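A.B. asks: structure for the following, please:
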Amino acid sequence: MTIDYKQDILHFDNNNILEIAKSRQTPFYLYSESIIKNNYNSYSESFGDHSHNICYSVKANSNLSILSLLAKLGSGFDIVSGGELTRVLTAGGDPSKIVFSGVGKTQEEIIQALDNNIMCFNVESKDELNTINKIAKQKNKKANISFRVNPAINVNTHPYITTGMRDNKFGIDQSDILSLYKDASMLDGISIAGIDFHIGSQIMELEPYLESLVKIIAIVDDLDACGIPLKHIDIGGGLGISYEGEPIVDKSLYISEIIKIIGNRKLSLVIEPGRSIVGEAGLLITKIINIKESSTKSFVITDAGMNDMLRPPLYEAFHSIIEVVNTSTPKTSYDVVGPICETADFLGKDRKLSVSQGDFLAVENVGAYGFVLASNYNTRPKIDEYIISNNKVNKIRKRDTIDQILENEIKFL
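C.D. replies: Prediction:
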């Protein structure tokens, strides 16, 4: 196990969390290098000899040290902004392994990506195609593109993180895709590289992927018959992790079933995992400021709030919350809430805990969509990030100062 109690003290990746918490300012994020490596390698090894490119989804956790770790493992990257492109390049990522996704790529971002010779643009509309073509021609280049197809597959996840339905802003309807590929094949600034789909996030079943892929393969075959052969198929990301002990999709089974459907077609595979690489690799360590009793509720008030961890109020997402010191004292049901001046500011509701003022708590599985969604709301500093590497705790992001928060504001009155 990577997280367990030893003599009633919580340990993560064999490190004593109580010692770590006592010697550092809370709250803070703590990641495990070994978990990230193991998750990446489990994907990589599953491909065997099949040509592939694992493009880590930067939006899940964009800390430079984590990106650098993945780049050294050979990872490519899935980006959705010029800022993420800069992060990847700063971390030593290979631009020839970068795919650029997202519906709102600006002209400046397209220029930046072309200048750095990225692997591929995942195109979401005809307007975007024409913009990329125009800029590529001006720069005397050819832009590698794939179209993101909307396979209209129902998935069992939160509606805010489905991305493959007809009423989502993402992707191009199947009925329009062949004509767009034919249009693209006539453009001087475009080189058709592949096809892409992404059906959502935190998906716990294999069937939606396989059903989507069957639809996409039919399009690939139609394109081949039209004289438009593709080099790769990008199956997106979205594999879920276990937040509440629920069963997850086995990575090796997932990849093997995908390869079976592709069959003997000469198609390289691109995948864009994020959460399933870093999600379980992170803890949020927080200190209890006060315990508050009311006539109907008991509250644990922590120094971490929705400014540090937005997923619970944003998606009503569940994260396990456990004591750093395990005691035999009877547990009480608490709402675990933060210091932010919002009723929505909670980390978890109705949690059974045995705690006192000044104790530490650990919020589990926060390596994905944790710090990246943090803000300075209520003028609170973004917090420290640490990583356990070679059994040592290393700081990989310093806590904001108030001066940093204020420095870009211009006093004009």
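A.B. asks: partners of the strand ranked longest in the chain, with directions?
C.D. replies: Longest strand of the chain, by residue count under DSSP state E: strand 282-293. If you go by DSSP bridges, strand 282-293 pairs up with strand 28-32 (antiparallel), strand 298-302 (antiparallel), strand 360-363 (antiparallel).
A.B. asks: for G282, give the beta-bridge partners.
C.D. replies: Note on G282: beta-bridge partners by DSSP bridges are Y31.
A.B. asks: that one contacts V372, correct?
C.D. replies: No: when contacts are counted by C-beta atoms under 8 Å, G282 is not listed as touching V372 (11.0 Å). C-beta coordinates here come from the backbone N, C-alpha and C atoms, glycine included.
A.B. asks: show me the contact partners of stretch 223-233.
C.D. replies: 53, 120, 146, 178, 181-182, 185, 192-196, 213, 216-217, 220, 262, 267-270 (C-beta atoms under 8 Å, 6 or more residues apart in numbering).
A.B. asks: buried ones only from the residues you listed, please, as a PyMOL command.
C.D. replies: Here is the PyMOL selection string for the buried members of those, based on 16 or more other C-beta atoms under 10 Å:
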select buried, resi 53+120+146+181+192+193+194+195+196+213+216+217+220+262+267+268+269+270
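A.B. asks: off-centre distance for stretch 329-340?
C.D. replies: Put simply, stretch 329-340 sits 28 Å off its chain's centre (C-alpha atoms, centre = their mean, to the nearest Å).
A.B. asks: for stretch 18-35, that is, sorry about that
C.D. replies: On C-alpha atoms, centre = their mean, the centre of stretch 18-35 falls 21 Å from that of its chain.
A.B. asks: show the pLDDT at the residue nearest to the spatial centre of the chain.
C.D. replies: A centroid search over the chain (C-alpha atoms, centre = their mean) returns A60, at 2.1 Å, as the residue closest to the centre. pLDDT for A60: 98.
A.B. asks: now do it against L70, distance only.
C.D. replies: From A60 over to L70 the distance is 11 Å, taken as C-beta to C-beta, to the nearest Å.
A.B. asks: what residues are shared contacts of these two?
C.D. replies: By the contact definition C-beta under 8 Å, 6+ apart, A60 and L70 are jointly contacted by I277.
A.B. asks: next helix or strand past the helix or strand of the chain with the lowest mean pLDDT?
C.D. replies: The weakest-scoring helix or strand in the chain, judged by mean pLDDT, DSSP states H and E, is strand 172-173 (a mean of 89). Following strand 172-173 in sequence order, the next helix or strand is helix 174-185 (DSSP states H and E).
A.B. asks: what's in contact with that following helix?
C.D. replies: Identification of contacts with helix 174-185 by C-beta under 8 Å, 6+ apart yields 126, 129, 133, 145, 147, 149-152, 172, 190, 192, 215, 219, 222-223, 226, 228.
A.B. asks: now list the buried members of the residues you listed.
C.D. replies: Among the contacts of helix 174-185, the ones that count as buried by 16+ other C-beta under 10 Å are 129, 133, 145, 147, 149-152, 172, 190, 192, 219, 223.
A.B. asks: what's the farthest-apart pair in those residues?
C.D. replies: Greatest spacing in these, by C-beta to C-beta: N133 and A152 (27.1 Å).
A.B. asks: inside strands: which ones of the buried ones among the contacts of helix 174-185?
C.D. replies: Using DSSP E, the members of the buried ones among the contacts of helix 174-185 that fall in strands are I145, F147, V149, N150, I172, I190, I192.
A.B. asks: looking at these, which is nearest T327?
C.D. replies: Set against T327, the nearest of these by C-beta to C-beta is N150 (51.4 Å).
A.B. asks: surely I388 touches H11?
C.D. replies: No: I388 is beyond contact range of H11, at 10.6 Å (criterion: C-beta under 8 Å).
A.B. asks: any weak-confidence spans in the stretch 51-200 of the chain?
C.D. replies: By pLDDT under 70, the low-scoring segments of the stretch 51-200 of the chain are 153-169.
A.B. asks: 90 instead, please
C.D. replies: 150-171, 173-176, 198-200 (pLDDT under 90).
A.B. asks: number of nearby residues for K251?
C.D. replies: Counted by other C-beta atoms under 10 Å, the residues lying close to K251 total 20.
A.B. asks: ok, for it, nearest residue in space, not its chain neighbours?
C.D. replies: Spatially, and ignoring its direct neighbours in sequence, K251 is nearest to S42 (4.9 Å; C-beta to C-beta, 6 or more residues apart in numbering).
A.B. asks: quick one: the one you found and L253 touch, right?
C.D. replies: No: applying C-beta under 8 Å, one finds S42 not in contact with L253, separated by 11.2 Å.
A.B. asks: just want to know which of those two has more residues nearby.
C.D. replies: With neighbours defined as other C-beta under 10 Å, S42 and L253 compare such that S42 has more, 15 against 11.
A.B. asks: can you check the pLDDT for the more buried one?
C.D. replies: With respect to pLDDT, S42 scores 97.
A.B. asks: residues in contact with the strand or helix carrying L10?
C.D. replies: Per DSSP H and E, L10 falls inside strand 9-12. Residues outside strand 9-12 that contact it (C-beta under 8 Å, 6+ apart): 2-5, 16-18, 30, 32, 283, 322-326, 362, 388.
A.B. asks: for S256, which residues are in contact?
C.D. replies: Residues near S256 by C-beta under 8 Å, 6+ apart: S46.
A.B. asks: how close does it sit to L283?
C.D. replies: On the measure of C-beta to C-beta, S256 and L283 end up 32 Å apart.
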